[in-house]
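**Student:** Structure, please.
(chains A and B)
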Amino acid sequence: MEERKTSKRCGGVFPFIIGFLATCVLGWAVIPGLFFAEEEQPVWFSHAVHVDGQGMDCESCHYFRDDGSYAGFPTNEVCAECHAVDPEEAREAIAEEGIDLNDYAAIMKAGIGAIEDNLASSDEDKMQAEREYVVKYLIQGKEVPWLNYQYQPDNVYFSHASHKNLSIEELASMKKELSDVVDPSVFEGEAPEQNCNLCHPKDIQTNDVPPALQRNVLSGYSKTTMKMWKCERCHALKGQPNACYTCHK
Amino acid sequence: MSVARRTFIQLGAGATVGILFTPTVWKALDDVSIWTQNWPWIPKLKYGAVEAKPTVSKMCESGCAVKVRTVAGEAFGTMGNVDNPLSGGGICPLCANGVQVKNSPNRIKAPMLDGQEISWEKAQEVVAEKLAAAGSKVAVISGDQTGTVNEVFSALLNDKGSDAFYVMPCDMQAADKAWTGLMGGAGQVGYDLEGADLVLLAGADALESWGPTVANLKSFAANESGKFIFAGPMQTKTASVTSKWVPVPAEGMAAFTLGLAYYVLQAGKTVGAADFDLFRSMVMSEYSPAKVEAATGVKADQMAALAKQLLTASNPVVVPAGPVAAHGAAFALNLLLGGAMKALPEFAKAIPSAMSRSEMLRADILDGVNTDLLFVYEANPAYALPEKIKAGFTVAFDMVQTETTATANLVLPSLHPYERFDDLASPYGLAAATYSLGVPVSKPSVNAANAATFILGLADLGFETFEEVLGAKVDAIGADMDALQGGEAFVVEGETPVAASLAANVLGKAAVPVKGTGAVGLVPYTLLSVGTANRATTPNAPCTISNNQLVGDHMVVMMGSATAKQLGVSVGSMVKLSGGKGECEALVQIFEGVMPGVVAAPLGLGHTVGDEFSKGKGDNVYKILTVSSEAAAGASTWAGSTVNVAKI
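**Tutor:** Below is the predicted model of the structure:
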């Protein structure tokens, strides 16, 4: 009897409401953020330097191969078209200096002519980024493990070729229906020539510092990896097939 | 205390309910389900350019000109090469599974000496030592009929003073023994299946396992106005798509062909060979239709009708298979008819001291091999010829584990055709001399090496690597390396065949049918999907093997209902076939497309070593074949094999 009275004094359902509200706040405002860990790109790649500074266009690096497939990220072969450091010459020069090829810090500090004389950048900070790329990847013969903001699972067949003719301008008429699927700001202002903004970070081509990839700590995928329902929604809105084999081949 | 507890429970209940009103739980469940896609043991896709790289495949006996599909440099599929006349875009069942064989767990992963893994350097030392000790008692068995690799092996033999170069029994060998050996012809015999208006396939199942099957199929498809007739003891798949099947026993094929020649000679056909008159009188007296009918069972009027068709055709050709005598008789008939048989020039050698192709085909492996040191190159004599081969020390080169590698002293893994330089020079049967080149299109997946390059390290043959040998070969034949590497073939048209003799003396005796003493005749037949003497069936191919060859793990033999009645068996009976020096078990299937008095059995089953697709499947028919000597032709043959059949 005494206990019941005490309980009533504590407010009855009050603790329940406190617990309810606390986890609601945590569940909406705090916990979702804990699902993601930020990862930086392996090299500071400035789109602004390449696009604005050098007048390159998207297809210079993100191109379709002869077989019709999409190459995604540029390989060393593509980068070396402009970054004129000869890997073999650089490796020989590093060996002559008696520096271990894997000692990146020592190589970058040594100011080796075969590398330094062929750097394309002029600003010191950009030169450092280029030096890092050259030393860690180009002369090592390793491809840069670029982080893909929209990496799709292996069981999804996504063809860039099939989607390249989608027009942001035309899709603007159904921006309300697409508001959950794509970033609504994509439809603001004048439609760009390229439709990459539909799925990729908006205006990434003007970006100077690449945004961190937010990797889901459980699933391992990027926060912006497109979910199946989004693919299905857009397909349905565009009158495209949604049969399983359309994407899961 | 109890108050705090109650409050705590209320708080917990509220928190539990509250969390369900947030995305947390649902998102976590969603993410966990997505996480299952990223388990480390789940295979990852290769991303990169998809290419179709031309090369050659040596899985089948003729070899196929193929394009290997790769993604990011990794092979994942094989298709035909439309730019190459050998292929025309098609591919045979063995070569179609090239990638699966390349990635098979059955690949030999490193050099093995008496079951112990050794280095390639150690292997080189061991072989050099054995080679020095063996002197001239060195022999080679090659499972490759078309490669310049044979020049390397034969040049090594020449260097050691040996001429013991053997090929596994094949139609190319029988044809060469008949054409260059008995008839004094030059070059390699070929058949223009596309240009002929009448093709008599005298035992040659050209559309399933004889010769360059893919090229044959393309010719068959392209030759819309031509007529194809099949003669043989069994209505093969080839026979089933031709205009007519003429049942002829295998051992009677030469007599049957000479029976046709009788009518052709009677019609006044002649040929400028020294012994034409002798040939004519031999055929007219010994192979009259009545005599041939008595010996083979083929009706005289059937032969007359067939001969009439051959005589009225403007460009006929007879395509033989089987014993040397059957080839000789067919060549004589072709010379009389003056049709679509061709003589192909042999391509110049890259290594001067190497044997010519004809010299390589001379030794008869069915006579037996006994040597101190034996090199076996991508052949499986321990499976197909277990009683015939004896060697003090055996070095076996192969991609995959076989009965031969299991019994060899030293096993050296050879590179897969997609990982190595190789070539295809004039597969037997084509109407034109054709040269195709193979280049590596995929990185080696095991610690293998090019067998020819290994051999070049044992003797000074003027080359360091096989790639150099192929460069010299291409120069010698006058082909364009870039075009060959691009998948095109170098083609030299065949010529009109000329023979010094019709081998009248030999054929007169050799064409007489000789049959064993068993109760019924044995017709062994080959299907590429089942395998060959050198290669077991490949992954994926077993699903194409029909119930007429294999049911479960049991081999199936086919016979007509009259034969079954004679033997007291019926469909599904388990029988034991005894012949040669062995026995086989099989289930019976009734097929009226098998001649009465014979039983048809598929070659290529019954492997005791290999992968899950071939090992323990069916029984090995090579065990029950009987080798007999071809009278006068100086050759051995399996035609005329007989078996006793007992129900078990």
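
**Student:** Report the contact partners of A:Y157.
**Tutor:** A:247-249 (Cβ atoms under 8 Å, 6 or more residues apart in numbering or on different chains). Where C-beta positions appear, they are placed from N, C-alpha and C, glycine not excepted.

**Student:** just the buried members of these?
**Tutor:** Buried members of the contacts of A:Y157, counted by 16 or more other Cβ atoms under 10 Å in any protein chain shown: A:C247.

**Student:** Tell me, how many residues neighbour residue 96?
**Tutor:** Just going to use chain A. Using other Cβ atoms under 10 Å in any protein chain shown, A:E96 is surrounded by 10 other residues.

**Student:** Not quite, go with chain B.
**Tutor:** For B:A96, using other Cβ under 10 Å, the count is 25.

**Student:** thought it was touching B:T78?
**Tutor:** Yes - using Cβ atoms under 8 Å, B:A96 is in contact with B:T78, at 5.8 Å.

**Student:** Can you check which residues contact both of those two?
**Tutor:** Common contact partners of B:A96 and B:T78 (Cβ under 8 Å, 6+ apart): none.

**Student:** Quick one: the strands in the stretch 451-600 of chain B, in order.
**Tutor:** Per DSSP state E, counting those that start in this stretch, the stretch 451-600 of chain B carries strands over the ranges B:490-493, B:520-525, B:550-551, B:554-559, B:574-579, B:582-590, B:598-602.

**Student:** can you list contacts of the shortest one?
**Tutor:** Looking back up the chat, that one is strand B:550-551. B:530, B:542, B:556, B:587, B:602, B:605, B:617-618.

**Student:** What mean pLDDT does stretch A:158-171 get?
**Tutor:** Here stretch A:158-171 scores 93 as its mean pLDDT.

**Student:** Convert that stretch to PDB, retaining C-alpha atoms only.
**Tutor:** Extracted in PDB, the C-alpha atoms of stretch A:158-171 (Å, rounded to 0.1, in the frame of the first residue of the first chain):
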ATOM      1  CA  PHE A 158      23.600   0.100 -63.000                       C
ATOM      2  CA  SER A 159      24.300   1.300 -66.500                       C
ATOM      3  CA  HIS A 160      25.400   4.900 -66.800                       C
ATOM      4  CA  ALA A 161      24.800   4.600 -70.600                       C
ATOM      5  CA  SER A 162      21.100   3.900 -70.000                       C
ATOM      6  CA  HIS A 163      20.800   7.000 -67.700                       C
ATOM      7  CA  LYS A 164      23.000   9.500 -69.600                       C
ATOM      8  CA  ASN A 165      20.100  11.000 -71.500                       C
ATOM      9  CA  LEU A 166      18.000  11.800 -68.500                       C
ATOM     10  CA  SER A 167      17.400  15.500 -68.500                       C
ATOM     11  CA  ILE A 168      17.200  17.500 -65.300                       C
ATOM     12  CA  GLU A 169      15.200  20.100 -67.200                       C
ATOM     13  CA  GLU A 170      12.600  17.500 -68.200                       C
ATOM     14  CA  LEU A 171      12.500  15.900 -64.800                       C
END
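
**Student:** Show me which residues of chain A are close to chain B?
**Tutor:** A:3, A:6-7, A:10, A:13-24, A:26-28, A:31-32, A:35, A:65-67, A:69, A:71-72, A:153-155, A:216, A:218-221 (Cβ under 8 Å from any Cβ of the partner chain).

**Student:** mind redoing it with 6 Å?
**Tutor:** Proximity of chain A to chain B (Cβ under 6 Å from any Cβ of the partner chain) is limited to residues A:3, A:6-7, A:10, A:15-16, A:19-20, A:23-24, A:27-28, A:31, A:65, A:67, A:153-154, A:216, A:218-220.

**Student:** okay but B:N644 is in contact with B:L577, surely?
**Tutor:** No - checked against Cβ atoms under 6 Å, the pair B:N644 and B:L577 is beyond contact range at 7.4 Å.

**Student:** Of those two, which one has the most company?
**Tutor:** For B:N644 versus B:L577, neighbours defined as other Cβ under 10 Å are more numerous around B:L577 (26 against 17).

**Student:** does the more buried one have beta-bridge partners, and which?
**Tutor:** Beta-bridge pairing of B:L577 under DSSP bridges involves B:C584, B:V645.

**Student:** Now for it: which residues touch it?
**Tutor:** B:584, B:624, B:643, B:645 (Cβ atoms under 6 Å, 6 or more residues apart in numbering or on different chains).

**Student:** Am I right that A:Y70 is in contact with A:H160?
**Tutor:** Yes - A:Y70 is in contact with A:H160 according to Cβ under 6 Å; the separation is 3.7 Å.

**Student:** tell me the SS of B:V264?
**Tutor:** helix (DSSP: H, G, I helix; E, B strand; the rest coil).

**Student:** Please name the nearest non-neighbouring residue to it.
**Tutor:** B:L336 (5.0 Å; Cβ to Cβ, 6 or more residues apart in numbering or on different chains).

**Student:** Right, I'll call it a day here.
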